[in-house]
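Student: Just to be clear, the model below is a prediction. Sequence and coordinates:
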Amino acid sequence: MLDSTPRQMYIQKLLGFFTPSYLHLPVATNENGSKVSKQSHAPAIDIKNPSKIIFEALRFLGQSPPPEAIDSDLDSLLVWSIKNWNIKSIPKQKEITI
């Protein structure tokens, strides 16, 4: 939660820890505006193809991986992701239909 951030920063300061930069990421919601989760009966993620999952997550977050990257190995996709990450492309809110 966003209101937890000031508390976390305070504790980090008290403990002498570095405070990282924070970023808000959109929550996936269904057509009713409910958060997509097991509680809302969202289907499980198939982890047999992790590159496809990361590819789709990047697209959800407004990034533009090349179409051929969906078939690449996970390490290559993560390297591409780090090199090409664009914070300004992250949408404010995202809705998906399950």
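Tutor: Right, received. Where do you want to start?

Student: And the strands in the chain, which stretches?
Tutor: 28-29, 94-95 (DSSP state E).

Student: Any idea which of those strands has the lowest pLDDT on average?
Tutor: Mean pLDDT values for these show the minimum at strand 94-95, a mean of 63.

Student: Give the ranges of residues in this protein that sit below the confidence cut-off.
Tutor: Low-confidence segments of the chain (pLDDT under 70): 1-2, 94-98.

Student: The same query, at a cut-off of 50, please.
Tutor: Within the chain, no stretch has pLDDT under 50.

Student: just so I have it, where are all the helices in it?
Tutor: 5-15, 50-60, 74-84 (DSSP state H).

Student: So for residue 30, which of these sits nearest?
Tutor: helix 50-60 (13.6 Å; C-beta to C-beta). Every C-beta, even on glycine, is put in place using the N, C-alpha and C of the backbone.

Student: Now the closest one: buried residues?
Tutor: By 16 or more other C-beta atoms under 10 Å, the buried positions in helix 50-60 come out as 51-52, 54-55, 58.
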